[in-house]
Each structure stands twice: as structure tokens, then as C-alpha cells.
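# no sequence for this one, just the structure:
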């Protein structure tokens, strides 16, 4: 029963769609700010990362274990995802790197599949 429907595209649950959309939104915001040369203060960044992690934890609360592990993986060694605290301050670039890994793991459905023209 697990393989019904078109095998091409996995049906995403509402929760999964919300998670993917949120990851994309945050990654784009952080990318745009860094591209514009706007770096947050360490304090602002720490607060923002905490809010983002809090939201991500809520989004994956009822998710299967493998989804939760996928969400926590990019943070390993950089940030304590489950306790939502930083062992040491992370830079905005590091945070963006984590978000970009999450974007690959949790791609938003609305993103066009073909690369944009250069």
C-alpha cells in the first residue's frame, strides 16, 4: 500500500510542506541580509537562531524519528538543536550553511526544478 500513486513525486504532508516552506523562508531572509552586507550583532543572531530552532522543533514535533534526525543533523557540533542552545556562538555564515543543508533535505515544493538561467 506504500507505493500507490505516481512514483515520481512524494506526497508531502501539510506539516512537511510547512516545514519546507519555513526552512526556505528563513534561508532566503538570512541570504538576502548577508548579500546586502547586513550582519546582525551576535546577540541578535543568537536570539534569531533560538526562535528559528524553536519553530523548527514545533514543526517536526509529531514527525517520524528519521525526519527529526534529518532536521537535527546539520546542527551537529555547531548548535545543540534539541536543547536549543549554542555551545559557542555561531556566525551568520555558519547559520546560513546549516539552513542551506536543511533546504536540500527539506526542499520547498514551489521551487522550480530547472536551474534559473545564468
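The structure has been received and is ready for your questions. Here the structure is a predicted model, which means the values were calculated and not measured. Numbers count the residues shown, from 1 in each chain.

# for stretch 81-94, how far is the first residue from the last?
14 Å (Cα to Cα, to the nearest Å).

# Flag every buried residue along it.
For stretch 81-94, a neighbour-count test (16 or more other Cβ atoms under 10 Å) marks 81, 84, 86, 90, 92 as buried. Just so you know, the C-beta spots here come from the backbone N, C-alpha and C atoms, and that holds for glycine as well.

# Now pLDDT too, for the residues you listed, in TSV please.
Output for the buried residues of stretch 81-94, formatted as TSV (pLDDT from 0 to 100):
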residue	pLDDT
81	98
84	97
86	91
90	93
92	96
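
# And the residues you listed, which is closest to residue 41?
Of all these, residue 41 sits closest to residue 92, with 10.2 Å by Cβ to Cβ.

# Now do the top helix by length along the chain: which elements does it pack against?
Longest helix of the chain, by residue count under DSSP state H: helix 14-35. Secondary-structure packing of helix 14-35 (3 or more Cβ pairs under 8 Å, 6 or more residues apart in numbering; DSSP states H and E): helix 42-59, helix 92-105.

# Select, out of those, the one closest to residue 20.
helix 92-105 (8.4 Å).

# quick one, that closest one and helix 14-35 angle?
Relative orientation of helix 92-105 and helix 14-35, computed by axes from the mean of the first three to the mean of the last three Cα atoms, to 10 degrees: 150 degrees.

# among the helices and strands packed on helix 14-35, which is nearest residue 31?
The nearest among the helices and strands packed on helix 14-35, by Cβ to Cβ, is helix 92-105 at 6.2 Å.
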